[in-house]
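Visitor: return atomic coordinates for the entry below.
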Amino acid sequence: MAQEVGAQRIEDLSRDELLSLLHDLGRRWLAHDGLWFQAVERSHGMEEAIALDTEAWRDFTVNEGRRIMRFLGMEEGGGLDALDRALRFRLYATVNEQESERPDERTLVFRMRNCKVQEARRRKGMPDFPCKSVGCVEYSGFARTIDPRIETDVILCPPDEEPRDYYCAWRFTMPQGAGAE
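Guide: Coordinates of the predicted model:
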């Protein structure tokens, strides 16, 4: 059941109402992204939809990374700690459950524990979105925006068969000699 909001302007919302709005805005953004993709997929096929989606993410992920850095007052080159923090401020963080771990000082492993994109497609009886190629552009571009030294590798992402406890996973590493902030 929807919560009744008495405020007339965003500026008048309570903290809880603002957080609720933030999550709703994330869902709205994701719904638009998904509907756009599905329209292209129906009209031009999956291959063309993925090619166009990849180009959009190539630019968006850098834009999002820069905006997050500016919002958080971060400078480029903050290493894996900065990347870990920035990942928590992405739009996806408002709609998906994600986690990260540091198995060692040179490595950050990031997992998407649930994925609204894949869950929506499954609800509609559609096959999983084979997002690995798009994700490689997205996550490597985001990481390089935060710190150009960070290297990105996919651990698992559809069309790979995912384990039951997460949809995709990414490994970010600092190269030898680059420091391991």
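Visitor: in this protein, what secondary structure element scores lowest on mean pLDDT?
Guide: The weakest-scoring helix or strand in the chain, judged by mean pLDDT, DSSP states H and E, is helix 116-123 (a mean of 87).
Visitor: list the residues that contact W57.
Guide: Counting by C-beta atoms under 8 Å, 6 or more residues apart in numbering, W57 touches V134, V137, E138, G141. Backbone N, C-alpha and C define where each C-beta goes, glycine included.
Visitor: just the buried ones from the residues you listed?
Guide: V134, V137, E138, G141 (16 or more other C-beta atoms under 10 Å).
Visitor: which of those sits closest to A82?
Guide: When the buried ones among the contacts of W57 are compared for distance to A82 (C-beta to C-beta), G141 comes out closest, at 15.3 Å.
Visitor: reformat the contacts of W57 as CSV; add pLDDT and distance to R9.
Guide: Formatted as CSV, the contacts of W57 follow (pLDDT from 0 to 100; distance: C-beta to C-beta, whole Å):
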residue, pLDDT, distance to R9
V134, 94, 37
V137, 97, 38
E138, 96, 34
G141, 98, 35
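Visitor: can I get the residues you listed in a markdown table with distance to A51 and secondary structure?
Guide: Shown next, in a markdown table, are the contacts of W57 (distance: C-beta to C-beta, whole Å; DSSP: H, G, I helix; E, B strand; the rest coil):
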| residue | distance to A51 | secondary structure |
| --- | --- | --- |
| V134 | 9 | helix |
| V137 | 11 | helix |
| E138 | 14 | helix |
| G141 | 16 | helix |
